[in-house]
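Enquirer: How does the following fold in three dimensions:
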Amino acid sequence: HNHVQRFPLRKGDMVIWDFALAHANFENRGKNLRLIQFIRMMPEGTLADNRNPLHVLKDNPDLLRRVESMRLSQKELQMLGLKRH
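Expert: As a prediction, this is how the structure comes out:
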């Protein structure tokens, strides 16, 4: 499509967009797992979905093993919602 744009990112880069914007992901050509973090902002009490990253990992043992193998720092784990601040 003429309107598709790539956003090549380096380690530590961030992209912020409105979720209503059509978006997709390109193939991960690196050898490492690609981590993403979704941040949703809305008025308190409006979010019915109480899933958090820890619940997702508990439900997916293969993903949990891959994340554990990355040996993330405490700060990285906190940023991904995997450890309390």
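Enquirer: Now find how far off-centre the lowest-mean-pLDDT helix or strand in the chain is within its chain.
Expert: None of the helices or strands of the chain scores lower by mean pLDDT, DSSP states H and E than helix 53-58, at a mean of 77. Offset of helix 53-58 from its chain centre (Cα atoms, centre = their mean, to the nearest Å): 12 Å.
Enquirer: What segments of this structure are strands?
Expert: Counting by DSSP state E, the chain has no strands to list.
Enquirer: for this protein, which spans come out with low pLDDT?
Expert: Along the chain, the parts satisfying pLDDT under 70 run over 1, 19, 40-52.
Enquirer: What is the end-to-end distance of stretch 13-27?
Expert: Separation of the first and last residues of stretch 13-27 by Cα to Cα, to the nearest Å is 17 Å.
Enquirer: Count the residues that sit near the residue lying closest to residue 74 once chain neighbours are set aside.
Expert: In space, residue 74 comes closest to residue 83 once its chain neighbours are excluded; the distance is 6.2 Å by Cβ to Cβ, 6 or more residues apart in numbering. Where C-beta positions appear, they are placed from N, C-alpha and C, glycine not excepted. Counted with other Cβ atoms under 10 Å, the neighbours of residue 83 add up to 15.
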